[in-house]
Structures are given as C-alpha cells and as structure tokens.
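no FASTA, just this:
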C-alpha cells in the first residue's frame, strides 16, 4: 500500500464528505424553518454512518446539532 497516496485519497474523501454534508444540513434546516416544521431553536439529533463494505467497516456517529 502506498501510504502517501492512501492518505491523500482519504483526506480528499473526508473533505468532500464534510463540505457536502454541511451544505445538505444547512439546506435542510433552512427549508424546515421556512416550511414551519421547526422554529430554528431546536437541538437536532443527527447520525452519520460510514460504511466501507470491502473492509467490513461500519462506523456510526450520533450527536446533537444545536440551532440556538
């Protein structure tokens, strides 16, 4: 395994996950506020699941996003 290539590829993947996830969460929250489904002061339970089938990885993160 080429450690440098692996590290670069992994960082690229994680950057894409972070940027696109933030964009999608922001859009969903703004849409929900506009539709009156939430007020904008909630604490939202969030869950992220990372899977890589070929290595048997399933990693879950549960946390809360506070809107204020």
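In hand now; what should we look at? Since we're looking at a predicted model, the values are computed, not measured. Numbers count the residues shown, from 1 in each chain.

CA only for contacts and neighbour counts going forward, please
Noted.

residue boundaries of the helices in the protein?
Counting by DSSP state H, the chain has these helices, from start to end: 3-34.

what residue lies at the spatial centre of it?
Nearest to the centroid of the C-alpha atoms of the chain, with distances taken as CA atoms, centre = their mean, sits residue 21, at 4.2 Å.

Could you report the distance from that one to residue 6?
Remark: distance between residue 21 and residue 6 (CA to CA, to the nearest Å) = 22 Å.

And residue 64, by the same measure?
Taking CA to CA, one finds residue 64 at 31 Å from residue 6.

Ok, residue 26 next?
In terms of CA to CA, residue 26 sits 30 Å off from residue 6.

and if you look at residue 56?
For residue 56, the distance to residue 6 (CA to CA) stands at 18 Å.

And those two? Which one has more around it.
Neighbours were counted for residue 56 and for residue 6 using other CA atoms under 10 Å; residue 6 has more, 11 against 8.

how many other residues sit next to residue 41?
Counted with other CA under 10 Å, the neighbours of residue 41 add up to 10.

Next one, pLDDT for it please.
For residue 41, the model assigns a pLDDT of 97.

contacting residues around it?
Residues counted as contacts of residue 41 (CA atoms under 8 Å, 6 or more residues apart in numbering) are 66-68.

Since that was my last question, I'll sign off now.
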